[in-house]
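Student: Fold the following and give me the result.
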Amino acid sequence: MNTEKLQAGDSSQDKKIEKRVEKILSQMTLEEKIKMIGGKPNMSIFPNERLGIPEIIMSDGPMGARCYGPATAFPAGIGLAASWNVDLVGEMGRAMGRECRARGVHILLGPGVNIYRTPMCGRNFEYFGEDPYLASRTTVAFVQGVQEEGVVATAKHFAANNQEYDRHHTSSDVDERTLHEVYLAAFRAAVTDANVGAIMNSYNPLNGIHCSENRHLLTEILKEQWGFTGLVMSDWGSTYDGVAAANGGLDLEMPFASFMNAEALIPAIRDGRVKMKTIDDKVRRILRVIIRMGFLDRPQLVKSFPLYSADSSRVALEAAREGIVLLKNERNLLPLDRKKIKSIAVIGPTAHPAVPGGGGSSLVTPFRAVSILDGIMHKAGKDITVHYSPDIKRIQNLAAQCDAAIVCVGHNPATESEGFDRSFGLPEGQEDLIRAVTRANPKTIVIVTAGGNVDIGAWLKHVPGLIHAWFPGQEGGAAIAEILFGDVNPSGKLPATFEKRWEDSAVYQSYYDEDKDKRVEYKEGVFIGYRHFDKYHKEPLFPFGFGLSYTKFRYSNLRLSGKTLKPGQSLKLSVDVTNTGRCEGKEAIQLYVRDVKATVDRPVKELKGFAKISLRPRQKKTVRFTLDESHLSFYHVASKDFKAESGEFEVLVGSSSRDIHLKGSFQYEGK
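Tutor: All right, here's what the predicted structure looks like:
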């Protein structure tokens with residue numbers, strides 16, 4: 001099964017683009033070419049006034065166009081993945097694209113698409129969870145949305161940037177099969193399915209070679225095997241050798257040419273260490289993106305697009321609503337009953353002010369941000385009294401006298417951020433806060449703000465209500481309050497397995513560089529997340545794909561269009577889902593596939609389809625999926641391609657990786 005390649009020159013439009021590229025390239029001097037492949041500090045590509053090439057302006061992402069004043073702070077990537085709603089992700093991408101155009105931005109530095117390997121990675125919140133299929137489909141929707149608005153999306157950080165500690169020096173050592181099946185999957189989808197315009201490399205070495213000069217990664221896989229025709233840029237300060245980077249496949253050094261500059265490259269060209277065609281290819285790629293996106297033919301700034309957009313705020317609110325996950329709801333404590341609840345204690349460090357995002361280059365300063373306290377006070381209205389304190393000193397009591405207590409804990413930009421890894425435990429004092437409030441009030445709901453799992457095992461049994469809010473963006477407080485009071489039915493589902501203990505993680509024995517040799521071996525291979533828990537028959541605290549609702553759904557009538565599947569064919573599946581509860585709700589239906597007998601060690605099951613639907617009480621809808629050989633394949637190292645083996649495959653349909661409602665099977669008859 002050959003990977004689809006999006007080669008330039010395949011259409012008349014592409015041929016016109018290539019003709020314009022070659023014309024401009026032929027007129028450039030060597031000095032002009034080298035100037036173009038080194039950034040203009042700190043967020044742009046140098047213009048060439050002589051040839052009519054404008055300055056190409058960039059902005060950090062992926063939570064908003066943050067670099068030129070206040071902007072909409074959208075929910076973090078992990079929360080988008082938790083929505084399991086690619087239509088909503090695409091809508092958010094389009095909104096972000098319009099925000100870029102309102103600021104004259106040509107290139108958005110997002111989405112972040114690395115895999116969630118462990119809870120402690122300081123940048124997990126930017127990414128799309130542990131599963132390569134969920135991350136891939138979310139990535140495609142995001143990229144397509146941004147680029148539909150005439151803005152280049154940048155998939156980052158390429159590749160295996162799954163930890164933040166010592167990120168400039170510690171190598172991610174990943175075997176070839178694991179690399180392709182897990183850690184490159186979302187990047188591959190961005191290229192082959194979404195035609196992403198730019199790829200940003202990561203800081204870390206991959207298998208001992210820095211990604212900015214890793215020829216196997218940038219040239220052999222990305223450009224040759226996948227047919228990527230866009231540009232590869234460095235992360236800021238992730239270039240370490242100009243000649244090695246030039247030959248490895250880096251096209252643009254950012255934020256400026258510290259290494260890929262005239263002083264290093266012109267002598268290397270003259271003595272043959274760097275070929276002239278190598279430099280031309282880099283310039284050609286930059287020009288191709290500029291021309292393909294129309295940057296030579298129109299102004300990028302759209303003055304009719306508002307800087308402060310009500311539509312963007314609406315999208316941010318909807319994304320927060322659908323990504324927030326209800327993890328525990330004993331005795332149906334939630335939603336809060338307005339007829340019974342007359343006083344609420346709101347306690348904790350993340351209640352106010354708002355915590356829309358984690359730290360680092362993704363952090364957006366919004367025009368406004370709704371804190372959890374703001375949202376609750378607004379929804380409570382005049383008939384419910386809200387008492388607030390950031391700590392327990394003044395309100396412990398008071399908590400005992402209120403009808404319910406909301407404890408807001410978790411991380412913030414100072415404790416969860418790019419550049420370092422966070423703790424698995426909550427920040428100091430927060431567990432004590434939870435215990436004190438639960439002793440005072442049995443009707444306590446804990447709201448966690450974080451980019452992934454935190455150590456909640458010690459106090460979970462004492463808490464009847466638990467909500468994971470991720471970093472929910474500027475409208476997060478409003479969305480949380482709507483869920484607390486039942487105006488919105490929670491529908492988010494976990495994009496990562498939540499382990500009971502750090503020791504249960506797939507990477508417990510292989511995450512930290514224990515021997516200080518600056519190398520981390522991915523010993524778990526393809527068995528990351530739920531695949532690990534399935535393989536070793538471990539019980540997670542909350543499984544991948546899990547999330548509660550205020551209503552119930554019944555799955556029935558799984559149907560397959562045939563009993564066999566052959567190469568080049570597809571198999572249709574359908575399942576009926578009925579809302580059997582009393583309120584409207586959304587459900588994320590998940591399709592897993594199992595290779596019953598394989599010649600290599602494969603996961604017990606792998607996610608290969610999902611759909612988010614909305615159902616009124618007693619309403620039934622039919623959900624349809626399509627499978628082909630790509631959904632059955634593993635990466636075959638010897639042939640350097642994906643391969644599906646003949647034999648029996650099972651399909652499993654459920655509401656989480658551990659809650660399978662229906663099963664079926666078919667035979668794959670390969671070549």
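
Student: Between the two ends of stretch 243-263, what distance do you get?
Tutor: This stretch, stretch 243-263, spans 11 Å end to end (Cα to Cα, to the nearest Å).

Student: can you pull the buried residues of that stretch?
Tutor: By neighbour count on 16 or more other Cβ atoms under 10 Å, the buried set for stretch 243-263 is 243-262. The way it works is simple: take the backbone N, C-alpha and C, and place the C-beta from them, glycine included.

Student: how about the residue nearest the centre of the chain, what does it touch?
Tutor: The structure's the chain has its C-alpha centroid closest to Phe128; by Cα atoms, centre = their mean the separation is 2.4 Å. Contacts for Phe128 (Cβ atoms under 8 Å, 6 or more residues apart in numbering) come out as 77-78, 80-81, 111-113, 116, 134-135, 138-139, 186, 495.

Student: Name the helix or strand for it, please.
Tutor: Taking DSSP states H and E as the definition, one finds Phe128 inside no helix or strand.

Student: now it: how far from Ile115?
Tutor: Computed as Cβ to Cβ, to the nearest Å, the Phe128 to Ile115 distance reads 8 Å.

Student: swap in Ala450?
Tutor: Counting by Cβ to Cβ, the gap from Ala450 to Ile115 is 17 Å.

Student: ok, back up a step: so which of the contacts of Phe128 are in strands?
Tutor: Counted as lying in strands by DSSP state E, out of the contacts of Phe128, is not a single one.

Student: Let me know the closest of those to Val370.
Tutor: Ranking those by separation from Val370, with Cβ to Cβ as the measure, puts Leu80 on top at 18.3 Å.

Student: so that closest one touches Val89, yeah?
Tutor: Yes - between Leu80 and Val89 there is a contact under Cβ atoms under 8 Å: 5.3 Å.

Student: Run through the residues that contact Asn397.
Tutor: Asn397 sits in contact with Ala440, where contact means Cβ under 8 Å, 6+ apart.

Student: helix/strand/coil for it?
Tutor: Following DSSP: H, G, I helix; E, B strand; the rest coil, we place Asn397 in the helix state.

Student: same check, this time on the one 10 residues further on
Tutor: Classification of Val407 into helix, strand or coil gives strand, according to three-state DSSP.

Student: low-scoring stretches of this structure, by residue?
Tutor: Residues of the chain meeting the criterion pLDDT under 70: 1-10, 391-393, 395.

Student: Any figure for the gap between Gly237 and Val325?
Tutor: As judged by Cβ to Cβ, Gly237 and Val325 stand 35 Å apart.

Student: who has more neighbours, those two?
Tutor: Higher neighbour count among Gly237 and Val325: Val325, with 25 against 14, using other Cβ atoms under 10 Å.

Student: Look up the closest residue to the more buried one, ignoring the ones flanking it.
Tutor: Gly492 (4.0 Å; Cβ to Cβ, 6 or more residues apart in numbering).

Student: Looks like the one you found contacts Ala319 (just checking).
Tutor: No - with contacts defined as Cβ under 8 Å, Gly492 does not count as touching Ala319, sitting 10.2 Å away.

Student: shared neighbours of these two, which are they?
Tutor: Overlap of the contact sets of Gly492 and Ala319 (by Cβ under 8 Å, 6+ apart) consists of Gly79, Ser83.

Student: Compare these two (neighbour count), which wins?
Tutor: Each of Gly492 and Ala319 had its neighbours counted (other Cβ under 10 Å), and the higher figure belongs to Gly492 (31 against 28).

Student: Return the residues in contact with the more buried one.
Tutor: For Gly492, the contacting residues are Gly79, Ala82, Ser83, Trp84, Glu322, Gly323, Ile324, Val325, Leu326, His468, Gly547, by Cβ under 8 Å, 6+ apart.

Student: let's see 7 Å
Tutor: Contact criterion Cβ atoms under 7 Å, 6 or more residues apart in numbering gives Ala82, Ser83, Glu322, Gly323, Ile324, Val325, Gly547 as the residues in contact with Gly492.

Student: What's the local residue count around the closest residue to Lys671 other than its chain neighbours?
Tutor: The spatial neighbour of Lys671 that comes closest, neighbours along the chain excluded (Cβ to Cβ, 6+ apart), is Pro567 at 5.9 Å. For Pro567, the number of neighbouring residues by other Cβ under 10 Å comes to 12.

Student: what's the helix or strand for Pro567?
Tutor: Short version: Pro567 belongs to no helix or strand, going by DSSP H and E.

Student: Phe634 versus that one, what's the distance?
Tutor: The separation that Pro567 has from Phe634, given Cβ to Cβ, amounts to 15 Å.

Student: any shared contact partners between Phe128 and Ile115?
Tutor: Applying Cβ under 7 Å, 6+ apart, one finds that Phe128 and Ile115 are jointly contacted by Ala135.

Student: picking that back up, got the contact list for the residue nearest to Lys671?
Tutor: Residues touching Pro567, when contacts are defined by Cβ under 7 Å, 6+ apart, comprise Glu629, Gly670, Lys671.

Student: So for stretch 386-401, first residue to last residue, what's the gap.
Tutor: The separation between the terminal residues of stretch 386-401, taken as Cα to Cα, is 12 Å.

Student: Which stretches in the stretch 251-400 of the chain count as helices?
Tutor: Assigned helices in the stretch 251-400 of the chain, in chain order: 262-270, 276-292, 310-323, 372-380, 396-399 (criterion: DSSP state H, counting those that start in this stretch).

Student: buried stuff in the fourth one?
Tutor: By neighbour count, and taking 16+ other Cβ under 10 Å as the criterion, the buried residues in helix 372-380 are Ile372, Leu373, Asp374, Gly375, Ile376, Met377, Lys379, Ala380.

Student: Provide the contact partners of it at residue level.
Tutor: By Cβ under 7 Å, 6+ apart, the surrounding residues in contact with helix 372-380 are 344, 346, 350-352, 386, 388, 406, 408, 447, 477-478, 480-482, 484-485.

Student: I'd like the C-alpha coordinates of stretch 412-428 written as CSV, please.
Tutor: Listed in CSV are the C-alpha atoms of stretch 412-428, where the atom choice follows Å, rounded to 0.1, in the frame of the first residue of the first chain:
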residue,chain,number,x,y,z
ASN,A,412,-1.3,27.2,35.5
PRO,A,413,1.3,28.7,33.1
ALA,A,414,3.9,28.8,35.9
THR,A,415,3.6,25.1,36.7
GLU,A,416,2.7,23.5,33.3
SER,A,417,4.6,25.0,30.4
GLU,A,418,6.9,24.6,27.4
GLY,A,419,10.5,24.2,28.5
PHE,A,420,10.1,21.9,31.5
ASP,A,421,8.2,18.9,32.7
ARG,A,422,5.6,19.2,35.4
SER,A,423,4.9,17.1,38.4
PHE,A,424,2.5,14.2,38.3
GLY,A,425,1.1,15.4,41.6
LEU,A,426,-1.0,18.6,42.0
PRO,A,427,0.9,21.7,43.0
GLU,A,428,1.8,22.0,46.7
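
Student: just to revisit the earlier point, and the helices of the stretch 251-400 of the chain, which is most packed in?
Tutor: Using mean count of other Cβ atoms under 10 Å, the stretch among the helices of the stretch 251-400 of the chain with the largest mean neighbour count is helix 310-323, at a mean of 24.

Student: Check which helices and strands that one sits against.
Tutor: Identification of packing neighbours for helix 310-323 by 3 or more Cβ pairs under 7 Å, 6 or more residues apart in numbering; DSSP states H and E yields helix 77-83, helix 86-101, helix 476-484.

Student: want to throw those into JSON lines with distance to Ser12 and mean neighbour count?
Tutor: Formatted as JSON lines, the helices and strands packed on helix 310-323 follow (distance: least, Cβ to Cβ, whole Å; neighbours: other Cβ atoms under 10 Å):
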{"stretch": "helix 77-83", "distance to Ser12": "36", "mean neighbour count": "30"}
{"stretch": "helix 86-101", "distance to Ser12": "26", "mean neighbour count": "24"}
{"stretch": "helix 476-484", "distance to Ser12": "46", "mean neighbour count": "28"}
